[in-house]
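A.B. asks: could you look at this predicted model? Sequence included:
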Amino acid sequence: MIFKNAINGFTTAWKGLTITIRHLFASNAKRKVTPMSDNNYFKQLEGTNTIQYPAQKLEVPEVGRYQLDVEIDDCIVCDLCAKICPVDCIDIEAIKATEAIGQTSDGTTKRLYAAKFDIDMAKCMYCGLCTIVCPTECIIMTNQYDRTVFELKDLTYEFSEMTAEEAAEKRMLLEKQTAERQAAKLAAMQKKEGDA
Amino acid sequence: MSFYIKYFIIAVGLFAFSGLFALFGVYAERKISAFIQDRLGPTETGKYGVLQTLADVLKLLIKELIVPKAADKLLFMLAPAIIFIAVYMGFAAIPWAPGIAPSNLNLGLYYIFAILSIETLGILMAGWGSNNKYSILGAMRSAAQIISYEIPAGFAIISVVMIAQTLNLQTISAQQGILSADKASFLGIWDVSANGGILAWNIFKAPHLIIAFIIYFIASLAESNRAPFDIPEAESELVAGFHTEYTGMRFAFVFLAEYSMMFLVSMIGVILFLGAWNTPLPNIGSLKLADWTTGIVWGIGWTVIKVLLLVGVQMWIRWTLPRLRVDQLMNLCWKVLTPLAFLCMLISGIWRLWVM
C-alpha cells in the first residue's frame, strides 16, 4: 500500500517535471502584443507571457474610460459634475458674467466664467458619473491611462483658461453690476415708498 | 610560515567561490523559474539582467542590521555565522580534481556529515533567538526534518562506503575511473578498469546504487531545506520561517549558506555516485577518450559541470513540485526512504561479499 503510494507519487512527480522542462526549453520569444479584440488573443499559448510595459503596450479601445478631459469652451460651469462626484475630486469656482458670454458648440448659452476648474486625478475613482450628468458633454473620459509624476500636485489637472487678473477683472465687473443693480433697486423702492 | 599562507589563500578562495556561486545561483534560479512559468525574469539590470544579483547584494550591504528588542541578542547575531560556517567548513574536505583537495582527510565523508549537522544548531539558534512564533516553528520543523532525513541519506552513503571500503573522498573518486588502483567492473560482471568513463561510475558498478543515489538526492533536498521540502521556510504559512527577523548582511549569510549547501550536497552526490572528477567518456579500443580527458583541468571541469547539472535539477524540482505537508514529509522519510536505504545497504553487503 505505502509502496504503491510512493510509486504513484514518483510517477506523478515525473509527469509534472516533464511539463515544466518543456516550458523551460520552449520558445522564449517575446510576446506579440495584440489588442483584446483580436480573435487569437486567448490562443497565445507559446512563448513568454510578459508584456514589457514601457516598451510594449497593450492597445486600449479608442473609447476607453480612463483619465478625464474637459473641453472648457463647451463648459457652462453648471457645477453638476462637482456636485455628483462621490470623492469630491472636482473643484470649480464660478464667476457670474455681466451678460451672456457666448454659446457652446451645442447652442447652450454660457452665463458663467470658470475661474477655477481643477480635477484631482489622484482622488478620481473613474466612476464616470460626471460625464453622465454633464448637460453639454464637455467633460469626457479619454483613452489615456498612463500618467506618472514626481509631485502629487501634478496630478491635479487645471482646465480653466482664465488668468488670475482676468478673474479679478470679471469679479470687479460683477461687483460693479451688482452694486448698480442694488442702487437701482433701492432707488425704485424709495420711489415706490415716496409715491405711497 | 608559507604553510599558513597557503591555507589562508585556500580558505579565502573557497569563500570567494561560495559567494560567486551564490550570485550565479540566485540569478540562475530566477531565470529558470521565470522560463518555467513563461515569464522573463530579471531583464533590466545589465544585459539579460546579469547584474541583478550584484545589485541585490549591494542593497543588502547597505541595509540596516535590525535586532528585535525581545530577541536573545547573542544567539540572534551568532546564528547566521554558524549556519554559514557549518556549510563552508564542509568544502574543506571536498576533492576537485586528481590530487586537488583543500584537505585530503582519510575520514573526509564522515567529517563532512558531522560538520553539516551543525547547521541545524544554527537554524535552531536563529529560530529561538528571534523570539518570534514563526521563527521558532520554522526552526523546530527544520530540526525535525534535517535530523530525520540524515538517516536515509546516511544509509545511502553507507551503501556506497561498503562498496568503496573507504571514507577518503579522494580514494572514492579515484576508484570510479581509469586512475583506480582496484578492479572496477560494470554491473559487477564486465571488467572496465581499463575503459573507465561512465561505465566505472559507482551507480553503474552496482545497480542498486542508482536507488541509493535517488534516496540520497531526495534526502539532500530535505537537508538543504529546498522545495518540495521547504517547510522550515514555508512562505505561505510561516512568513519566512527561521530567518523572518533577519535583515541586511545577516539575511545574506543565511541565503549564502542555502546556496552553498545546494552546491555542497550536489558535490557529495557527484563524488559518491556520479564518478566525481572522472570523465564520462570511456576508452573504446584505440580511441583513448578517457585518457585524453583526465587531468587536473579536465577534473575541475567535469566536477563543476556535473555539480551544476545536479543543482539545475534541484531548481527544476523546486519550481515544479508543491511543498509537502509535515506528516507527508515524515511518512516519506520513515516509511519509504529509510526502509529502501536499509535494503540498499543490505544489497551492498551481499554485493561486496559475493559479486566483487
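C.D. replies: Cool, the structure landed.
A.B. asks: switch to C-alpha atoms for all contacts and neighbour counts from now on
C.D. replies: Will do.
A.B. asks: any low-confidence regions in chain A?
C.D. replies: Under the criterion pLDDT under 70, the flagged ranges of chain A are A:27-29, A:44-45, A:196.
A.B. asks: centre-most residue in chain A?
C.D. replies: residue A:68 (2.1 Å; Cα atoms, centre = their mean).
A.B. asks: who in the stretch 1-150 of chain B is up against chain A?
C.D. replies: Counting by Cα under 8 Å from any Cα of the partner chain, the residues of the stretch 1-150 of chain B close to chain A are B:32, B:35, B:36, B:37, B:38, B:39, B:40.
A.B. asks: can you list which of those residues are found in helices?
C.D. replies: Among the residues of the stretch 1-150 of chain B next to chain A, the residues falling in helices (DSSP state H) are B:32, B:35, B:36.
A.B. asks: you'd agree residue B:141 is up against residue B:232?
C.D. replies: Yes. Counting by Cα atoms under 8 Å, residue B:141 sits close enough to residue B:232 to count as a contact (5.4 Å).
A.B. asks: can you give me the strands for the stretch 1-150 of chain B?
C.D. replies: Secondary structure of the stretch 1-150 of chain B, counting by DSSP state E, counting those that start in this stretch: no strands present.
A.B. asks: what segments of it are helices?
C.D. replies: B:2-36, B:52-62, B:73-90, B:108-130, B:133-164 (DSSP state H, counting those that start in this stretch).
A.B. asks: quick one: the ones in helices among the residues of the stretch 1-150 of chain B next to chain A as CSV, columns for neighbour count too.
C.D. replies: As requested, those are exported to CSV (neighbours: other Cα atoms under 10 Å in any protein chain shown):
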residue, neighbour count
B:32, 23
B:35, 24
B:36, 23
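A.B. asks: ok so, going back, backbone dihedrals for the closest residue in space to the residue nearest to the centre of chain A that isn't next to it in sequence, please?
C.D. replies: With Cα to Cα, 6 or more residues apart in numbering or on different chains as the criterion, residue A:68 has its nearest non-adjacent residue at 4.5 Å, and that residue is residue A:141. Note on residue A:141: backbone dihedrals following degrees, to the nearest 10 are phi -100, psi 140.
A.B. asks: and for residue A:141, the neighbour number?
C.D. replies: 18 (other Cα atoms under 10 Å in any protein chain shown).
A.B. asks: enumerate every residue touching the residue nearest in space to the middle of chain B.
C.D. replies: Residue closest to the average C-alpha location in chain B (Cα atoms, centre = their mean): residue B:265, at 1.4 Å. Taking Cα atoms under 8 Å, 6 or more residues apart in numbering or on different chains, we find residue B:265 in contact with B:220, B:224.
A.B. asks: distance check, it against residue B:55.
C.D. replies: According to Cα to Cα, to the nearest Å, residue B:265 stands 27 Å off from residue B:55.
A.B. asks: can you check which of the helices of the stretch 1-150 of chain B gets nearest to residue A:169?
C.D. replies: Among the helices of the stretch 1-150 of chain B, the nearest to residue A:169 by Cα to Cα is helix B:52-62 (57.1 Å).
A.B. asks: which secondary structure elements does the closest one contact?
C.D. replies: In this structure, helix B:52-62 makes packing contacts with helix B:2-36, helix B:248-273, judged by 3 or more Cα pairs under 8 Å, 6 or more residues apart in numbering or on different chains; DSSP states H and E.
A.B. asks: by how many degrees do the first one and helix B:248-273 diverge?
C.D. replies: Right, the one you point to is helix B:2-36. For helix B:2-36 against helix B:248-273, the angle between stretch directions is 90 degrees (axes from the mean of the first three to the mean of the last three Cα atoms, to 10 degrees).
A.B. asks: can you tell me which strand in chain A is longest?
C.D. replies: strand A:112-120 (DSSP state E).
A.B. asks: ok, longest helix in chain A?
C.D. replies: Among the elements of chain A assigned as helix by DSSP H, the one spanning the most residues is helix A:164-195.
A.B. asks: what distance separates that helix from the centre of its chain?
C.D. replies: Its chain's C-alpha centre and that of helix A:164-195 lie 39 Å apart, by Cα atoms, centre = their mean, to the nearest Å.
A.B. asks: between strand A:112-120 and it, find me the angle.
C.D. replies: Comparing the axes of helix A:164-195 and strand A:112-120 via the same axes, to 10 degrees yields an angle of 140 degrees.
A.B. asks: what's helix A:164-195 packed up against?
C.D. replies: Helix A:164-195 sits against strand A:90-96, with contacts defined as 3+ Cα pairs under 8 Å, 6+ apart.
A.B. asks: quick revisit: ok, the residue nearest to the centre of chain A - contacts?
C.D. replies: Contacts were defined as Cα under 8 Å, 6+ apart; by that measure residue A:68 touches A:121, A:139, A:140, A:141, A:142.
A.B. asks: if we can go back for a sec, dump the helices of the stretch 1-150 of chain B into a markdown table; add mean pLDDT as well.
C.D. replies: Putting those into a markdown table (pLDDT from 0 to 100) gives the following:
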| stretch | mean pLDDT |
| --- | --- |
| helix B:2-36 | 88 |
| helix B:52-62 | 89 |
| helix B:73-90 | 89 |
| helix B:108-130 | 88 |
| helix B:133-164 | 88 |
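A.B. asks: out of those, which gets nearest to residue A:11?
C.D. replies: Nearest to residue A:11, of all those, is helix B:2-36, at 19.7 Å by Cα to Cα.
A.B. asks: buried residues in that closest one, which are they?
C.D. replies: Neighbour counts over helix B:2-36 (16 or more other Cα atoms under 10 Å in any protein chain shown) mark B:10-11, B:14-15, B:18-19, B:21-36 as buried.
A.B. asks: same question, stretch A:63-70
C.D. replies: Taking 16+ other Cα under 10 Å as the neighbour-count basis, stretch A:63-70 is seen to contain the buried residues A:65, A:66, A:67, A:68, A:69, A:70.
A.B. asks: so which of those residues sit within strands?
C.D. replies: Among those, the subset assigned to strands under DSSP E consists of A:68, A:69, A:70.
A.B. asks: measure the residue of chain B positioned farthest from its centre to chain A for me?
C.D. replies: The centre of chain B is farthest from one residue, residue B:286, which by Cα atoms, centre = their mean lies 37.1 Å away. Going from residue B:286 to chain A by Cα to the nearest Cα, to the nearest Å gives 37 Å.
A.B. asks: quick check: residue A:38 vs chain B, distance?
C.D. replies: Counting by Cα to the nearest Cα, the gap between residue A:38 and chain B amounts to 21 Å.
A.B. asks: now that residue, what are its backbone angles?
C.D. replies: Note on residue A:38: its backbone torsions stand at phi -70, psi 140 [degrees, to the nearest 10].
A.B. asks: next up, the contacts around it.
C.D. replies: The neighbourhood of residue A:38, defined by Cα under 8 Å, 6+ apart, contains no residues.
A.B. asks: quick one, what contacts residue A:20?
C.D. replies: Taking Cα under 8 Å, 6+ apart as the criterion, residue A:20 is in contact with B:36, B:37, B:316, B:319, B:320.
A.B. asks: list the buried residues of the helix or strand harbouring it.
C.D. replies: Under the criterion of DSSP states H and E, residue A:20 resides in helix A:2-25. The neighbour-count check on helix A:2-25 (16+ other Cα under 10 Å) flags A:6, A:17, A:20, A:21, A:23, A:24 as buried.
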